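Visitor: Kindly return the folded structure for what I paste below:
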Amino acid sequence: MSLFNFFSKDNKETLDKGLSKTKENVFSKLTRIIAGKSKVDEDILDDLEEVLITSDVGVETTLKIIGRIESRIAREKYIDSQELTHILRDEIASMLMGSDTDNPEDFDLPTDKKPYIIMVVGVNGVGKTTTIGKLAYHFKKAGKKVYLGAADTFRAAAVEQLTIWSERVGVPIVKQKMGSDPASVAYDTLHSAVVNQADVVIIDTAGRLHNKINLMNELTKIKNVMKKVVPDAPHEVLLILDGSTGQNAFEQAKQFTAATDVSALAVTKLDGTAKGGVVIGISDQFRIPVKYIGLGEGLEDLQVFRKKEFVDSLFGNEKK
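Guide: Purely as a prediction, here's the structure:
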């Protein structure tokens with residue numbers, strides 16, 4: 001499928017397909033664990049713990065899930081294998097942070113912030129520039145006037161890629177020469193966006209600096225300069241994580257949440273991995289809402305994250 005495929009697909013079908021490897025890795029294994037068992041015992045819980053950990057849910061979150069199931073067993077004395085699936089489903093849903101609504105307006109924006117300013121952070125290679133391009137496409141499709149700011153001035157490739165996206169999606173981009181001050185680019189972008197009455201501004205930032213202190217200082221500087229144009233900017237700091245990297249995504253989340261006030265997450269490349277459990281662990285441990293998930297290369301494959309739909313795709317729609 002082309003990276004710039006504009007053909008619209010059914011979101012639920014895309015979600016189911018994108019999470020199929022994770023579903024097979026985690027929940028098909030769960031089915032095999034409990035097959036033929038009349039009640040949940042210690043062996044089943046040991047096997048479940050192993051499945052969750054190897055699926056990159058994370059040790060801390062896995063132990064929390066197992067502990068809650070053990071508490072239920074202690075209270076209720078008897079839990080069969082069917083009940084285990086329902087309990088697991090409920091516990092995972094409670095740990096996910098994301099939208100609970102079924103609002104069809106996927107890429108909506110607050111009406112009291114114009115322009116709405118999103119600062120995007122994340123290491124190189126996680127799909128940061130691609131996600132920005134897809135967001136620009138979806139916001140424009142929703143009737144919004146979009147501006148892009150190429151503030152990752154340390155990598156020529158980052159500016160070039162974002163420029164390609166701006167041209168293909170048909171939105172303006174503000175950029176300067178290689179090695180320019182990133183904060184200066186952010187300032188110019190916001191100034192142009194305000195003058196031209198843009199609805200949303202998406203600012204790219206450097207994927208990697210020499211150490212956490214440099215990263216923290218750079219991101220703080222960009223935010224401070226943006227506030228000179230829009231006092232409450234940025235309205236959102238969006239961290240992009242590559243779901244296929246498993247535990248490495250946890251480490252990236254630690255670094256960036258320590259360096260700046262991350263307010264939302266986008267987890268990419270979930271379609272090519274069996275490690276979709278990382279969404280559960282990161283959401284639980286960092287208590288930051290997952291706002292978007294990437295499920296393929298097409299423009300329509302970036303979706304707003306809804307935890308009910310996510311759980312339904314992993315377990316199947318719950319029968320009433």
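
Visitor: where's the most centrally placed residue in the chain relative to residue 88, distance?
Guide: Geometric centre of the chain, nearest residue: residue 266, 1.8 Å, by CA atoms, centre = their mean. Relative to residue 88, residue 266 is positioned 26 Å away (CB to CB, to the nearest Å). (C-beta placed from N, C-alpha, C; glycine too.)

Visitor: got the end-to-end distance for stretch 238-252?
Guide: For stretch 238-252, the separation between the terminal residues is 13 Å (CA to CA, to the nearest Å).

Visitor: who touches it?
Guide: Outside of stretch 238-252, the residues within contact range by CB atoms under 8 Å, 6 or more residues apart in numbering are 56, 58, 118-123, 125-128, 131, 253, 256-257, 262-270, 272-273, 275-276, 278-279, 281-282, 285, 288, 291-294.

Visitor: Quick one: mean pLDDT over that stretch.
Guide: Regarding stretch 238-252, the rounded mean pLDDT is 90.

Visitor: and if you look at stretch 199-208?
Guide: Stretch 199-208 comes out at a mean pLDDT of 92.

Visitor: Enumerate the positions of that stretch that are buried.
Guide: Within stretch 199-208, the residues scored as buried using 16 or more other CB atoms under 10 Å are 199-207.

Visitor: Filter the contacts of stretch 238-252 down to just the buried residues.
Guide: 56, 58, 118-123, 126-128, 131, 253, 256-257, 262-270, 272-273, 275-276, 278-279, 281-282, 285, 288, 291-294.

Visitor: Okay, and which of the buried residues of stretch 199-208 map to strands?
Guide: If you go by DSSP state E, the buried residues of stretch 199-208 have 200-204 in strands.

Visitor: Reformat those residues into a markdown table and put distance to residue 39 next to each item.
Guide: Output for these, formatted as a markdown table (distance: CB to CB, whole Å):
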| residue | distance to residue 39 |
| --- | --- |
| 200 | 53 |
| 201 | 56 |
| 202 | 52 |
| 203 | 54 |
| 204 | 53 |
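
Visitor: Tell me the one of these nearest residue 38?
Guide: residue 202 (53.8 Å; CB to CB).

Visitor: Report the beta-bridge partner residues of the closest one.
Guide: Per DSSP bridges, the residues bridged to residue 202 are residue 118, residue 148.

Visitor: Name the helix or strand for residue 22, please.
Guide: helix 20-22 (DSSP states H and E).

Visitor: Relative to residue 43, how far out is residue 80?
Guide: In this structure, residue 80 and residue 43 are 15 Å apart, going by CB to CB.

Visitor: before we move on, the earlier item: just the ones of the buried ones among the contacts of stretch 238-252 in strands?
Guide: 118-121, 264-268, 291-294.

Visitor: hang on, the earlier thing: closest to residue 304 among the buried residues of stretch 199-208?
Guide: residue 200 (14.6 Å).

Visitor: give the contact list for the closest one.
Guide: Contacts of residue 200 (CB under 8 Å, 6+ apart): 109, 115-118, 139, 144-147.

Visitor: ok, the spatially closest residue to it that is not a sequence neighbour - how many residues close by?
Guide: For residue 200, ignoring the flanking residues on the chain, the nearest one in space by CB to CB, 6 or more residues apart in numbering is residue 116 at 4.8 Å. Applying other CB atoms under 10 Å, we find 22 residues neighbouring residue 116.

Visitor: ok, which stretches of the stretch 101-250 of the chain are strands?
Guide: For the stretch 101-250 of the chain, the strands defined by DSSP state E, counting those that start in this stretch cover 116-121, 146-150, 173-174, 200-204, 236-242.
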